[in-house]
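Chemist: fold the following.
(one chain, ligands or ions: 3)
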Amino acid sequence: MTAVVPLGNATAPAALEQRVGVLLVNLGTPDTADAQGVRVYLKEFLSDPRVIEDQGLVWKAILNGIILRVRPARKARDYQKIWNAERGESPLKTITRSQAEKLASAIADREHVVVDWAMRYGNPSIRSRIDALAAQGCDRLLVVPLYPQYSAATSATVCDEVFRALADMRAQPTLRVSPPYYDNPDYIEALAVSMSEHLAALPFQPELIVASFHGMPQKYVDKGDPYYAQCVATTESLRKRLGLDASRLVLTFQSRFGSDEWLQPYTDKTIEKLAKDGVKRIVVVTPGFSADCLETLEEIAQENAEIFKHNGGEQFSAIPCLNDSEPGMDVIRQLVLRELQGWI
Ligand SMILES: C=CC1=C(C)c2cc3[nH]c(cc4nc(cc5[nH]c(cc1n2)c(C)c5CCC(=O)O)C(CCC(=O)O)=C4C)c(C)c3C=C
Ligand SMILES: [Fe+2]
Ligand SMILES: [Fe+2]
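Modeler: Ligands and ions are numbered 1, 2, ... in the order given. Have a look, this model is predicted:
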(Lines give C-alpha, C1' and ligand atoms only; values in the text may rest on other atoms or scores of the structure.)
(Ligands and ions follow the chains in the order given, each with its own letter.)
Protein backbone atom coordinates (compact mmCIF):
# COMPACT_ATOMS: atom_id res chain seq x y z
CA MET A 1 0.00 0.00 0.00
CA THR A 2 3.07 2.30 -0.06
CA ALA A 3 2.47 5.21 -2.44
CA VAL A 4 5.32 6.02 -4.83
CA VAL A 5 6.14 9.63 -5.85
CA PRO A 6 8.71 10.91 -8.37
CA LEU A 7 11.97 12.17 -6.79
CA GLY A 8 14.21 13.58 -9.49
CA ASN A 9 14.92 10.66 -11.74
CA ALA A 10 14.49 8.15 -8.99
CA THR A 11 11.42 7.11 -7.04
CA ALA A 12 11.00 6.97 -3.25
CA PRO A 13 8.19 5.86 -0.99
CA ALA A 14 6.00 8.76 0.12
CA ALA A 15 5.39 9.04 3.85
CA LEU A 16 1.87 7.85 4.55
CA GLU A 17 -0.39 10.09 6.58
CA GLN A 18 0.30 9.18 10.21
CA ARG A 19 -2.61 7.51 11.86
CA VAL A 20 -3.46 5.94 15.22
CA GLY A 21 -4.80 2.39 15.19
CA VAL A 22 -7.19 1.09 17.86
CA LEU A 23 -7.43 -2.69 17.96
CA LEU A 24 -10.23 -4.29 20.00
CA VAL A 25 -9.35 -7.89 20.89
CA ASN A 26 -11.49 -10.66 22.32
CA LEU A 27 -10.73 -14.27 23.06
CA GLY A 28 -11.53 -16.13 19.89
CA THR A 29 -13.89 -18.65 18.56
CA PRO A 30 -14.05 -21.37 15.90
CA ASP A 31 -14.44 -20.43 12.23
CA THR A 32 -17.09 -23.12 11.74
CA ALA A 33 -19.54 -24.84 14.10
CA ASP A 34 -18.41 -28.35 13.24
CA ALA A 35 -15.99 -30.74 14.89
CA GLN A 36 -13.11 -29.79 12.59
CA GLY A 37 -13.57 -26.05 13.16
CA VAL A 38 -13.74 -26.53 16.93
CA ARG A 39 -10.70 -28.88 16.85
CA VAL A 40 -8.52 -26.29 15.08
CA TYR A 41 -9.63 -23.60 17.51
CA LEU A 42 -9.19 -25.71 20.65
CA LYS A 43 -5.74 -26.87 19.51
CA GLU A 44 -4.51 -23.30 19.20
CA PHE A 45 -6.23 -22.21 22.44
CA LEU A 46 -5.15 -25.12 24.61
CA SER A 47 -1.57 -25.09 23.28
CA ASP A 48 -1.10 -21.60 24.72
CA PRO A 49 1.11 -21.78 27.86
CA ARG A 50 -0.79 -18.79 29.27
CA VAL A 51 -3.94 -20.93 29.30
CA ILE A 52 -2.51 -24.35 30.15
CA GLU A 53 0.71 -23.44 31.91
CA ASP A 54 2.10 -26.96 32.03
CA GLN A 55 2.56 -27.79 28.34
CA GLY A 56 4.67 -30.89 29.14
CA LEU A 57 4.50 -34.29 27.47
CA VAL A 58 1.67 -35.51 29.68
CA TRP A 59 -0.55 -32.56 28.70
CA LYS A 60 0.35 -32.98 25.01
CA ALA A 61 -0.67 -36.63 25.20
CA ILE A 62 -3.98 -35.77 26.91
CA LEU A 63 -4.66 -32.92 24.48
CA ASN A 64 -3.93 -34.83 21.29
CA GLY A 65 -5.00 -38.28 22.48
CA ILE A 66 -8.23 -37.46 24.33
CA ILE A 67 -9.42 -33.82 24.33
CA LEU A 68 -9.02 -33.10 20.60
CA ARG A 69 -10.64 -36.43 19.76
CA VAL A 70 -13.64 -36.19 22.09
CA ARG A 71 -14.42 -32.55 22.88
CA PRO A 72 -14.77 -30.99 19.39
CA ALA A 73 -17.89 -32.94 18.37
CA ARG A 74 -19.61 -32.22 21.69
CA LYS A 75 -18.67 -28.54 21.68
CA ALA A 76 -19.63 -28.20 18.00
CA ARG A 77 -23.18 -29.21 18.99
CA ASP A 78 -23.13 -26.48 21.67
CA TYR A 79 -21.87 -23.90 19.16
CA GLN A 80 -24.62 -24.92 16.71
CA LYS A 81 -27.23 -24.00 19.34
CA ILE A 82 -26.03 -20.38 19.46
CA TRP A 83 -24.48 -19.93 15.96
CA ASN A 84 -25.34 -16.79 13.97
CA ALA A 85 -26.65 -18.62 10.91
CA GLU A 86 -27.21 -15.45 8.91
CA ARG A 87 -23.56 -14.43 9.07
CA GLY A 88 -22.14 -17.93 9.40
CA GLU A 89 -20.15 -17.11 12.53
CA SER A 90 -20.27 -17.24 16.31
CA PRO A 91 -21.99 -14.48 18.31
CA LEU A 92 -18.65 -13.44 19.82
CA LYS A 93 -17.41 -12.49 16.34
CA THR A 94 -20.61 -10.69 15.35
CA ILE A 95 -20.67 -8.67 18.56
CA THR A 96 -16.95 -7.78 18.53
CA ARG A 97 -17.23 -6.55 14.92
CA SER A 98 -20.24 -4.44 15.86
CA GLN A 99 -18.41 -3.00 18.88
CA ALA A 100 -15.56 -1.94 16.56
CA GLU A 101 -17.96 -0.42 13.99
CA LYS A 102 -19.89 1.49 16.64
CA LEU A 103 -16.69 2.71 18.27
CA ALA A 104 -15.45 3.94 14.87
CA SER A 105 -18.70 5.94 14.40
CA ALA A 106 -18.61 7.28 17.95
CA ILE A 107 -15.10 8.70 17.55
CA ALA A 108 -15.34 9.57 13.85
CA ASP A 109 -14.75 13.23 14.71
CA ARG A 110 -11.24 12.32 15.92
CA GLU A 111 -9.17 12.53 12.76
CA HIS A 112 -6.53 9.97 11.88
CA VAL A 113 -7.94 7.22 14.12
CA VAL A 114 -8.60 3.80 12.54
CA VAL A 115 -10.56 1.18 14.54
CA ASP A 116 -10.24 -2.54 13.91
CA TRP A 117 -10.87 -5.80 15.77
CA ALA A 118 -9.22 -9.20 16.16
CA MET A 119 -9.46 -12.53 17.94
CA ARG A 120 -6.62 -13.95 20.06
CA TYR A 121 -7.33 -17.46 18.72
CA GLY A 122 -8.80 -18.06 15.29
CA ASN A 123 -9.74 -15.28 12.90
CA PRO A 124 -9.27 -12.44 12.21
CA SER A 125 -5.86 -12.90 13.80
CA ILE A 126 -4.07 -10.17 15.74
CA ARG A 127 -1.13 -10.35 13.32
CA SER A 128 -3.29 -9.87 10.23
CA ARG A 129 -5.05 -6.82 11.69
CA ILE A 130 -1.83 -5.19 12.92
CA ASP A 131 -0.44 -5.62 9.38
CA ALA A 132 -3.62 -4.06 7.96
CA LEU A 133 -3.43 -1.11 10.36
CA ALA A 134 0.25 -0.55 9.55
CA ALA A 135 -0.59 -0.63 5.84
CA GLN A 136 -3.05 2.19 6.49
CA GLY A 137 -0.29 4.32 7.99
CA CYS A 138 -0.86 3.62 11.70
CA ASP A 139 2.46 4.34 13.38
CA ARG A 140 0.82 4.27 16.82
CA LEU A 141 -1.31 1.44 18.10
CA LEU A 142 -3.66 1.13 21.08
CA VAL A 143 -4.50 -2.50 21.85
CA VAL A 144 -7.72 -2.97 23.86
CA PRO A 145 -8.11 -6.43 25.42
CA LEU A 146 -11.88 -6.60 25.98
CA TYR A 147 -11.64 -8.16 29.45
CA PRO A 148 -12.78 -6.05 32.40
CA GLN A 149 -10.74 -8.24 34.78
CA TYR A 150 -7.09 -8.94 33.97
CA SER A 151 -5.75 -12.47 33.84
CA ALA A 152 -2.61 -13.91 32.33
CA ALA A 153 -4.83 -16.39 30.44
CA THR A 154 -6.68 -13.60 28.64
CA SER A 155 -5.12 -10.10 28.73
CA ALA A 156 -1.45 -11.14 28.94
CA THR A 157 -1.71 -13.60 26.08
CA VAL A 158 -3.12 -10.81 23.88
CA CYS A 159 0.05 -8.82 24.62
CA ASP A 160 2.24 -11.87 23.94
CA GLU A 161 0.69 -12.22 20.50
CA VAL A 162 0.95 -8.49 19.76
CA PHE A 163 4.64 -8.54 20.74
CA ARG A 164 5.24 -11.58 18.50
CA ALA A 165 3.69 -9.70 15.57
CA LEU A 166 5.72 -6.59 16.31
CA ALA A 167 8.91 -8.65 16.60
CA ASP A 168 8.65 -9.38 12.87
CA MET A 169 8.14 -5.75 11.82
CA ARG A 170 10.91 -3.41 10.69
CA ALA A 171 8.78 -0.26 11.14
CA GLN A 172 7.05 -1.04 14.42
CA PRO A 173 4.14 1.10 15.59
CA THR A 174 4.50 2.69 19.03
CA LEU A 175 2.39 0.63 21.40
CA ARG A 176 -0.11 1.24 24.17
CA VAL A 177 -2.27 -1.38 25.87
CA SER A 178 -5.43 -0.43 27.75
CA PRO A 179 -5.63 -1.55 31.39
CA PRO A 180 -8.30 -3.73 33.00
CA TYR A 181 -11.42 -1.77 33.97
CA TYR A 182 -12.93 -4.00 36.68
CA ASP A 183 -13.65 -1.10 39.05
CA ASN A 184 -14.09 1.68 36.55
CA PRO A 185 -17.19 3.70 37.55
CA ASP A 186 -18.46 3.82 33.91
CA TYR A 187 -18.34 0.01 33.74
CA ILE A 188 -20.03 -0.50 37.13
CA GLU A 189 -22.70 2.04 36.20
CA ALA A 190 -23.31 0.40 32.80
CA LEU A 191 -23.72 -3.00 34.48
CA ALA A 192 -26.05 -1.57 37.11
CA VAL A 193 -28.21 0.16 34.47
CA SER A 194 -28.37 -2.94 32.26
CA MET A 195 -29.27 -5.13 35.28
CA SER A 196 -31.96 -2.72 36.51
CA GLU A 197 -33.50 -2.47 33.02
CA HIS A 198 -33.52 -6.25 32.63
CA LEU A 199 -35.11 -6.76 36.07
CA ALA A 200 -37.76 -4.10 35.39
CA ALA A 201 -38.82 -5.89 32.19
CA LEU A 202 -39.08 -9.36 33.77
CA PRO A 203 -42.46 -10.94 34.58
CA PHE A 204 -41.00 -12.05 37.96
CA GLN A 205 -38.69 -10.62 40.60
CA PRO A 206 -35.74 -12.88 41.55
CA GLU A 207 -35.05 -13.89 45.13
CA LEU A 208 -31.37 -13.33 44.36
CA ILE A 209 -28.93 -12.61 41.54
CA VAL A 210 -25.93 -14.81 40.70
CA ALA A 211 -22.88 -12.95 39.31
CA SER A 212 -21.02 -15.65 37.37
CA PHE A 213 -17.45 -15.09 36.13
CA HIS A 214 -15.38 -17.43 33.96
CA GLY A 215 -13.27 -19.60 36.24
CA MET A 216 -9.57 -20.50 36.21
CA PRO A 217 -7.42 -23.01 38.09
CA GLN A 218 -7.01 -22.00 41.75
CA LYS A 219 -3.26 -22.56 41.46
CA TYR A 220 -2.92 -19.71 38.91
CA VAL A 221 -4.35 -17.33 41.49
CA ASP A 222 -2.10 -18.84 44.19
CA LYS A 223 0.86 -18.04 41.91
CA GLY A 224 -0.17 -14.38 41.80
CA ASP A 225 -2.78 -13.89 39.07
CA PRO A 226 -4.90 -10.88 40.14
CA TYR A 227 -8.02 -12.18 38.34
CA TYR A 228 -9.87 -13.45 41.42
CA ALA A 229 -9.29 -10.22 43.37
CA GLN A 230 -10.57 -8.18 40.42
CA CYS A 231 -13.72 -10.34 40.09
CA VAL A 232 -14.34 -9.82 43.82
CA ALA A 233 -13.78 -6.05 43.45
CA THR A 234 -16.27 -5.82 40.55
CA THR A 235 -18.87 -7.76 42.51
CA GLU A 236 -18.39 -5.65 45.63
CA SER A 237 -18.74 -2.42 43.64
CA LEU A 238 -21.92 -3.78 42.04
CA ARG A 239 -23.34 -4.81 45.43
CA LYS A 240 -22.66 -1.32 46.74
CA ARG A 241 -24.16 0.38 43.70
CA LEU A 242 -27.30 -1.82 43.74
CA GLY A 243 -27.71 -1.96 47.52
CA LEU A 244 -27.47 -5.77 47.61
CA ASP A 245 -25.57 -7.83 50.18
CA ALA A 246 -23.53 -10.97 49.45
CA SER A 247 -26.57 -13.21 49.90
CA ARG A 248 -28.57 -11.27 47.26
CA LEU A 249 -25.74 -10.85 44.70
CA VAL A 250 -23.88 -14.14 44.89
CA LEU A 251 -20.39 -14.44 43.33
CA THR A 252 -19.64 -17.70 41.44
CA PHE A 253 -17.22 -19.10 38.83
CA GLN A 254 -18.21 -21.16 35.79
CA SER A 255 -16.63 -23.28 33.04
CA ARG A 256 -14.51 -25.72 35.02
CA PHE A 257 -12.12 -27.51 32.67
CA GLY A 258 -9.91 -30.50 33.53
CA SER A 259 -9.40 -32.17 36.89
CA ASP A 260 -7.65 -29.37 38.85
CA GLU A 261 -9.48 -27.38 41.48
CA TRP A 262 -10.85 -24.16 39.93
CA LEU A 263 -12.00 -20.94 41.57
CA GLN A 264 -14.97 -21.51 43.84
CA PRO A 265 -17.89 -21.43 44.43
CA TYR A 266 -18.77 -23.13 41.15
CA THR A 267 -21.74 -21.65 39.28
CA ASP A 268 -23.43 -24.95 38.38
CA LYS A 269 -23.10 -26.41 41.90
CA THR A 270 -24.37 -23.16 43.46
CA ILE A 271 -27.39 -23.02 41.16
CA GLU A 272 -28.18 -26.66 41.83
CA LYS A 273 -27.97 -26.10 45.61
CA LEU A 274 -30.10 -22.96 45.47
CA ALA A 275 -32.84 -24.87 43.65
CA LYS A 276 -32.59 -27.80 46.07
CA ASP A 277 -32.81 -25.37 49.03
CA GLY A 278 -36.13 -24.08 47.69
CA VAL A 279 -35.14 -20.93 45.80
CA LYS A 280 -37.63 -20.59 42.93
CA ARG A 281 -36.60 -17.45 41.02
CA ILE A 282 -33.08 -16.39 40.05
CA VAL A 283 -31.36 -14.11 37.57
CA VAL A 284 -27.74 -14.57 36.40
CA VAL A 285 -25.43 -11.77 35.29
CA THR A 286 -22.02 -12.37 33.68
CA PRO A 287 -19.98 -9.17 34.27
CA GLY A 288 -16.63 -10.69 33.19
CA PHE A 289 -17.69 -11.13 29.56
CA SER A 290 -17.81 -8.00 27.41
CA ALA A 291 -19.71 -9.92 24.71
CA ASP A 292 -22.13 -12.81 24.73
CA CYS A 293 -20.51 -16.07 23.72
CA LEU A 294 -20.71 -19.81 24.21
CA GLU A 295 -20.13 -19.39 27.94
CA THR A 296 -23.08 -17.05 28.46
CA LEU A 297 -25.57 -18.08 25.74
CA GLU A 298 -25.17 -21.83 26.06
CA GLU A 299 -23.53 -22.61 29.39
CA ILE A 300 -25.49 -20.08 31.48
CA ALA A 301 -28.72 -19.37 29.59
CA GLN A 302 -29.31 -22.99 28.56
CA GLU A 303 -27.28 -25.46 30.65
CA ASN A 304 -27.55 -23.71 34.03
CA ALA A 305 -31.21 -22.79 33.43
CA GLU A 306 -31.81 -26.50 32.90
CA ILE A 307 -29.90 -27.40 36.10
CA PHE A 308 -32.00 -24.88 38.08
CA LYS A 309 -35.33 -26.11 36.75
CA HIS A 310 -34.40 -29.78 36.98
CA ASN A 311 -33.75 -29.32 40.71
CA GLY A 312 -36.98 -27.51 41.55
CA GLY A 313 -36.32 -23.92 40.43
CA GLU A 314 -39.12 -22.21 38.48
CA GLN A 315 -38.05 -18.90 36.97
CA PHE A 316 -34.59 -18.29 35.49
CA SER A 317 -33.30 -15.41 33.41
CA ALA A 318 -29.84 -14.56 32.07
CA ILE A 319 -28.95 -10.88 31.64
CA PRO A 320 -27.25 -10.18 28.29
CA CYS A 321 -23.66 -8.94 28.39
CA LEU A 322 -23.06 -5.24 27.73
CA ASN A 323 -22.25 -6.14 24.11
CA ASP A 324 -22.74 -3.24 21.68
CA SER A 325 -25.54 -1.66 23.76
CA GLU A 326 -25.44 2.06 24.41
CA PRO A 327 -24.09 1.67 27.98
CA GLY A 328 -21.65 -1.00 26.76
CA MET A 329 -20.34 1.25 24.00
CA ASP A 330 -20.01 4.15 26.46
CA VAL A 331 -17.66 1.98 28.52
CA ILE A 332 -15.49 1.11 25.52
CA ARG A 333 -15.52 4.65 24.08
CA GLN A 334 -14.53 6.26 27.37
CA LEU A 335 -11.81 3.67 27.95
CA VAL A 336 -10.37 4.24 24.47
CA LEU A 337 -10.52 8.05 24.63
CA ARG A 338 -8.82 7.99 28.04
CA GLU A 339 -6.01 5.78 26.77
CA LEU A 340 -5.57 7.83 23.56
CA GLN A 341 -4.86 11.02 25.52
CA GLY A 342 -1.81 12.78 24.17
CA TRP A 343 -2.06 10.88 20.87
CA ILE A 344 -5.13 12.59 19.43
C1 LIG B 1 -13.55 -13.87 30.37
C2 LIG B 1 -12.46 -14.43 30.80
C3 LIG B 1 -11.94 -15.78 30.52
C4 LIG B 1 -11.01 -16.44 31.32
C5 LIG B 1 -10.35 -15.93 32.57
C6 LIG B 1 -10.78 -17.71 30.71
C7 LIG B 1 -9.90 -18.67 31.20
C8 LIG B 1 -9.81 -19.98 30.75
N9 LIG B 1 -10.58 -20.61 29.78
C10 LIG B 1 -10.21 -21.92 29.61
C11 LIG B 1 -10.77 -22.87 28.74
C12 LIG B 1 -11.80 -22.62 27.81
N13 LIG B 1 -12.51 -21.45 27.65
C14 LIG B 1 -13.36 -21.56 26.58
C15 LIG B 1 -14.21 -20.59 26.06
C16 LIG B 1 -14.21 -19.24 26.43
N17 LIG B 1 -13.47 -18.66 27.44
C18 LIG B 1 -13.74 -17.30 27.49
C19 LIG B 1 -13.21 -16.37 28.40
C20 LIG B 1 -12.28 -16.67 29.42
N21 LIG B 1 -11.54 -17.81 29.57
C22 LIG B 1 -14.69 -17.03 26.45
C23 LIG B 1 -15.21 -15.65 26.12
C24 LIG B 1 -14.99 -18.23 25.81
C25 LIG B 1 -16.03 -18.42 24.70
C26 LIG B 1 -15.50 -18.35 23.29
C27 LIG B 1 -16.61 -18.51 22.25
O28 LIG B 1 -16.30 -19.03 21.17
O29 LIG B 1 -17.77 -18.15 22.46
C30 LIG B 1 -13.20 -22.86 26.02
C31 LIG B 1 -13.87 -23.35 24.73
C32 LIG B 1 -15.17 -23.98 24.92
C33 LIG B 1 -15.00 -25.32 25.55
O34 LIG B 1 -14.37 -26.20 24.93
O35 LIG B 1 -15.42 -25.46 26.70
C36 LIG B 1 -12.23 -23.54 26.79
C37 LIG B 1 -11.70 -24.93 26.58
C38 LIG B 1 -9.12 -22.14 30.51
C39 LIG B 1 -8.39 -23.46 30.64
C40 LIG B 1 -8.89 -20.94 31.21
C41 LIG B 1 -7.91 -20.60 32.28
C42 LIG B 1 -6.69 -20.79 32.32
FE1 LIG C 1 -12.23 -19.71 28.79
FE1 LIG D 1 -17.82 -23.24 29.25
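
Chemist: going forward, measure contacts between C-alpha atoms and count neighbours the same way
Modeler: Noted.

Chemist: quick one: the helices in the stretch 201-344 of the chain?
Modeler: For the stretch 201-344 of the chain, the helices defined by DSSP state H, counting those that start in this stretch occupy 218-222, 227-242, 267-276, 305-310, 326-339.

Chemist: check whether stretch 17-32 contacts ligand 3.
Modeler: No - on the criterion Cα under 5 Å from the ion, stretch 17-32 is out of touch with ligand 3, staying 12.3 Å away.

Chemist: please apply the same query to stretch 214-231.
Modeler: No - judged by Cα under 5 Å from the ion, stretch 214-231 stays clear of ligand 3, getting no closer than 7.9 Å.

Chemist: buried residues in that stretch?
Modeler: His214, Gly215, Met216, Pro217, Tyr220, Val221, Asp225, Tyr227, Tyr228, Gln230, Cys231 (16 or more other Cα atoms under 10 Å).

Chemist: of the helices of the stretch 201-344 of the chain, which is nearest Gln136?
Modeler: Ranking the helices of the stretch 201-344 of the chain by proximity to Gln136 (Cα to Cα) places helix 326-339 first, at 19.5 Å.

Chemist: what's the domain layout of the protein?
Modeler: Here the domain parsing of the chain from automatic domain parsing is 19-181+327-339, 185-318.

Chemist: the first one: end-to-end distance?
Modeler: Meaning domain 19-181+327-339. One end of domain 19-181+327-339 sits 15 Å from the other (Cα to Cα, to the nearest Å).

Chemist: number of residues surrounding the residue in the stretch 151-300 of the chain that ligand 3 sits nearest to?
Modeler: Ligand 3 sits closest to Ser255 of the stretch 151-300 of the chain, with a gap of 4.0 Å, by Cα to the ion. Other residues lying near Ser255 total 18 when counted by other Cα atoms under 10 Å.

Chemist: re earlier: columns mean pLDDT on top of the domains of the chain, output as JSON lines?
Modeler: Below are those laid out as JSON lines (pLDDT from 0 to 100):
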{"stretch": "domain 19-181+327-339", "mean pLDDT": "97"}
{"stretch": "domain 185-318", "mean pLDDT": "98"}
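
Chemist: returning to that earlier point: and the helices of the stretch 201-344 of the chain: which comes nearest Gly122?
Modeler: helix 326-339 (22.7 Å).

Chemist: now the strands: where do they sit in this structure?
Modeler: 4-7, 10-13, 19-28, 113-121, 138-145, 174-177, 208-214, 249-254, 281-285, 315-318 (DSSP state E).

Chemist: could you dump the ones you listed into a markdown table and include distance to ligand 1?
Modeler: Putting these into a markdown table (distance: least, Cα to the nearest ligand atom, whole Å) gives the following:
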| stretch | distance to ligand 1 |
| --- | --- |
| strand 4-7 | 42 |
| strand 10-13 | 41 |
| strand 19-28 | 6 |
| strand 113-121 | 9 |
| strand 138-145 | 10 |
| strand 174-177 | 17 |
| strand 208-214 | 5 |
| strand 249-254 | 10 |
| strand 281-285 | 13 |
| strand 315-318 | 16 |
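
Chemist: turn those into CSV, including distance to Ala201.
Modeler: Rendered in CSV, the data for the strands of the chain read as follows (distance: least, Cα to Cα, whole Å):
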stretch, distance to Ala201
strand 4-7, 59
strand 10-13, 59
strand 19-28, 29
strand 113-121, 32
strand 138-145, 31
strand 174-177, 37
strand 208-214, 15
strand 249-254, 19
strand 281-285, 12
strand 315-318, 11
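
Chemist: of all those, which lies closest to Ala156?
Modeler: Using Cα to Cα, the nearest of those to Ala156 is strand 138-145, at 8.9 Å.

Chemist: so what touches that closest one?
Modeler: Strand 138-145 is contacted by residues 18-26, 114, 154-155, 158, 172-179, 336, 339-340 when judged by Cα atoms under 8 Å, 6 or more residues apart in numbering.

Chemist: correct me if wrong: Asn84 contacts Ser90.
Modeler: Yes - between Asn84 and Ser90 a contact is recorded at 5.6 Å, counting by Cα atoms under 8 Å.

Chemist: who has more neighbours, these two?
Modeler: Ser90 (23 against 16).

Chemist: how about the more buried one: what's its closest non-neighbour residue?
Modeler: Leaving out its chain neighbours, the residue that sits closest to Ser90 by Cα to Cα, 6 or more residues apart in numbering is Trp83, at 5.0 Å.

Chemist: same deal with Leu263?
Modeler: Leu263's closest residue in space is Gln218 (Cα to Cα, 6+ apart), at 5.1 Å.

Chemist: from Asn84, how far off is the one you found?
Modeler: Gln218 sits 34 Å away from Asn84, going by Cα to Cα.

Chemist: I figured Tyr187 hits Tyr181, correct?
Modeler: Yes - using Cα under 8 Å as the test, Tyr187 is close enough to Tyr181 to be in contact (7.2 Å).

Chemist: neighbour count for the two, which is higher?
Modeler: The residue with more neighbours, out of Tyr187 and Tyr181, is Tyr187; 24 against 20, by other Cα under 10 Å.

Chemist: who touches that one in this structure?
Modeler: Tyr181, Gly328, Val331.

Chemist: could you dump those into TSV with distance to ligand 3 added?
Modeler: Formatted as TSV, the contacts of Tyr187 follow (distance: Cα to the ion, whole Å):
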residue	distance to ligand 3
Tyr181	23
Gly328	23
Val331	25
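
Chemist: I'm done for today, thanks for sticking with me.
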